[in-house]
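S.K.: Sequence plus predicted model, see below.
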Amino acid sequence: MTYKEITLFIDERSKYDLTMNYNLATMIAQFVNLGLNGKPIPSIGEIYPGLFNTVKPVEDNRWMLWKERMIDYAHEHNKRRKLQQKEGG
């Protein structure tokens, strides 16, 4: 590569970087403005609907079942401990 080709490449790359920085700063400012005004911030799928496959996560309720089982276990365990304490002492 010649010196001129290198400088042209650097100039093009610099323009691209500056353009991206400007676009990102503008988007950040818009999101801050939306957040301060109480409006919901759109998801990336809403902003770029054709680029990203927006799959809504499946709600996993297994933790609720586990929590209920643990609470039931704790109640049974505490009940048995109280019975053992009454019988033993």
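M.R.: Sure, I can see it.
S.K.: Return the distance of the spatially most central residue of the chain relative to Asp60.
M.R.: When the chain is reduced to its mean C-alpha position, the closest residue under Cα atoms, centre = their mean turns out to be Ser43, at 10.3 Å. Noted for Ser43: a distance of 20 Å to Asp60, by Cβ to Cβ, to the nearest Å. Glycine gets a C-beta too; all of them are placed from N, C-alpha and C.
S.K.: go on, Tyr3?
M.R.: Distance of Tyr3 to Asp60, computed by Cβ to Cβ: 59 Å.
S.K.: Let me see the domain layout of this protein.
M.R.: Here the domain assignment for the chain is 1-56, 57-89, based on automatic domain parsing.
S.K.: can you tell me which of those domains the model trusts least?
M.R.: Among these, domain 1-56 has the lowest mean pLDDT, at a mean of 81.
S.K.: Go ahead and measure how far the helix or strand encompassing Arg80 is from the middle of the chain.
M.R.: Assigned by DSSP states H and E, Arg80 belongs to helix 62-88. The chain centre lies 35 Å from the centre of helix 62-88; the measure is Cα atoms, centre = their mean, to the nearest Å.
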